[in-house]
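In: Below are the sequence and a predicted model for it; my questions follow.
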Amino acid sequence: MDHQLNIFLTVAEQHSFSKTADKLYITQSAVSQAIKSLEKKYGIELLERSNKYIGLTKAGKILFYHGKEIMEQYALVDKFIHDIHTTASGALWIGASYTFGEYSLPKIVNEFKTNYPNIKPKITIKNTHRIIEQLLRRDLDIGIINGRIQHPNLIIKPFALDEMVVIVPYNHPLGAKKVVTTEELKTETWVIRESGSGTREVTDHMFHHTGIKPKDIMEFGSLQIIKESVEVGLGISYISKGAIRKELALGTLCALNIKAFDSTQHFFYATRDTQIQTKAAELFIKFLEKTHGEF
């Protein structure tokens, strides 16, 4: 680890030499010497000093921003090397889109923890767009998403098949059918997910390829609200069949296929485009690929 850089970053965060010394268990003179050495190395002042406050110069801001990334990389190197000769353990940060995260991920995590009790999954559930953002910020180890997503800095691979269906309330005129035509759907009000979600991207794809142009659309940020809205007759929707298992069993919703349209989709796992993953992440990916081919 670069101790001078670590001292500088701590000063920048604490705005104080004395607080930095206390936090790092070193003397104030050691803090001062480290800052002087860095300023001499770069030939420019890094800190703006006053009696009550220590701030950053323009050069200091640059070093702080990139220095944080460097220290994160140090931590990753330590983790990767430690993984080589130890049992997989520690935190595993998993992000999932709402459809998979709310209706399948809890069971998967429970099975995974049974096999690897020393790994501690940390779960976040957001729409696909937000999961991608968190992966790129290095807030997550793995993302589970749906929709047709590509990104040059991510590796995105399919691991499970899903079936999308049109859902209507049990008393809807189309409820007795198993297959409907696009003509029968064109006059309906649609209750759909918000922009940025994988389900919305898949829904828009369906509209485009079937030629359906909804007369009215209502947007919600939750599958649960969408299901309840359809149940009370606000409209119809297009969502994963795996997300309505309970409603189908209770008979409150009906699932319809669209004639001559392939409604299958994939769920994908996404990781940053790097050749190295933590042992915990590698084990979780293998677990997904081996045990969960269908949603």
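Out: Okay, I see it.
In: now the strands: where do they sit in the stretch 101-250 of the chain?
Out: Using DSSP state E, counting those that start in this stretch, the strands of the stretch 101-250 of the chain run over 119-125, 142-146, 154-169, 179-180, 189-193, 216-220, 237-240.
In: Now the fifth one - C-alpha only, CSV.
Out: The C-alpha coordinates for strand 189-193 follow below in CSV (Å, rounded to 0.1, in the frame of the first residue of the first chain):
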residue,chain,number,x,y,z
THR,A,189,-55.1,0.2,-21.6
TRP,A,190,-51.6,-1.0,-20.6
VAL,A,191,-50.1,-0.9,-17.1
ILE,A,192,-46.3,-1.2,-17.5
ARG,A,193,-43.0,-0.6,-15.8
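In: Determine the longest helix present in the chain.
Out: In the chain, taking DSSP state H as the definition, the longest helix is helix 58-84.
In: Doesn't Asn51 lie inside a helix?
Out: No: counting by DSSP: H, G, I helix; E, B strand; the rest coil, Asn51 is not found in a helix; it is coil.
In: Where does the prediction get shaky in the stretch 51-200 of the chain?
Out: Applying pLDDT under 70 to the stretch 51-200 of the chain flags the ranges 83-85.
In: circling back to that earlier point, now the strands of the stretch 101-250 of the chain as a markdown table including mean neighbour count and distance to Thr210?
Out: For every residue, glycine as well, the C-beta is placed using N, CA and C. As requested, these are arranged in a markdown table below (neighbours: other Cβ atoms under 10 Å; distance: least, Cβ to Cβ, whole Å):
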| stretch | mean neighbour count | distance to Thr210 |
| --- | --- | --- |
| strand 119-125 | 16 | 29 |
| strand 142-146 | 27 | 19 |
| strand 154-169 | 19 | 10 |
| strand 179-180 | 14 | 11 |
| strand 189-193 | 22 | 12 |
| strand 216-220 | 13 | 15 |
| strand 237-240 | 26 | 10 |
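In: Just put the ones you listed in JSON lines and tack on distance to Ile258.
Out: Below are the strands of the stretch 101-250 of the chain laid out as JSON lines (distance: least, Cβ to Cβ, whole Å):
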{"stretch": "strand 119-125", "distance to Ile258": "28"}
{"stretch": "strand 142-146", "distance to Ile258": "18"}
{"stretch": "strand 154-169", "distance to Ile258": "6"}
{"stretch": "strand 179-180", "distance to Ile258": "6"}
{"stretch": "strand 189-193", "distance to Ile258": "13"}
{"stretch": "strand 216-220", "distance to Ile258": "17"}
{"stretch": "strand 237-240", "distance to Ile258": "9"}
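In: Quick check: which of those is nearest to Lys61?
Out: Among those, the nearest to Lys61 by Cβ to Cβ is strand 154-169 (28.3 Å).
In: Quick one: work out the angle between the closest one and strand 142-146.
Out: Here the directions of strand 154-169 and strand 142-146 differ by 40 degrees (axes from the mean of the first three to the mean of the last three Cα atoms, to 10 degrees).
In: can you pull out the helices in this protein?
Out: Taking DSSP H as the test, the helices found in the chain are 3-14, 17-24, 28-42, 58-84, 98-103, 105-115, 128-136, 182-185, 198-210, 223-231, 245-250, 279-291.
In: So for the first one, mean pLDDT?
Out: On average, the pLDDT along helix 3-14 is 93.
In: other SSEs contacting it?
Out: Judged by 3 or more Cβ pairs under 8 Å, 6 or more residues apart in numbering; DSSP states H and E, helix 3-14 is in contact with helix 17-24, helix 28-42, helix 58-84.
In: now the angle between helix 58-84 and that helix, please.
Out: 120 degrees.
In: so who does Lys146 touch?
Out: In this structure residue 146 is Asn, not Lys. Going by Cβ atoms under 8 Å, 6 or more residues apart in numbering, Asn146 touches 97, 99-100, 128, 162, 198-199, 202, 240, 265-268.
In: Tell me the one among these nearest to Lys120.
Out: Distance to Lys120 across the contacts of Asn146 (Cβ to Cβ) is lowest for Phe100, with 20.1 Å.
In: Quick check: the closest one touching Phe267?
Out: Yes: Phe100 lies in contact with Phe267 (Cβ atoms under 8 Å); the separation is 5.4 Å.
In: out of the helices of the chain, deepest packed?
Out: With neighbours taken as mean count of other Cβ atoms under 10 Å, those reach their highest mean count in helix 98-103, at a mean of 22.
In: Using CSV, write out the CA atom coordinates for that helix.
Out: Extracted in CSV, the C-alpha atoms of helix 98-103 (Å, rounded to 0.1, in the frame of the first residue of the first chain):
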residue,chain,number,x,y,z
TYR,A,98,-37.0,-6.4,-9.6
THR,A,99,-38.4,-9.3,-11.5
PHE,A,100,-35.6,-11.8,-10.7
GLY,A,101,-34.7,-10.1,-7.4
GLU,A,102,-38.1,-10.3,-5.8
TYR,A,103,-39.4,-13.6,-7.1
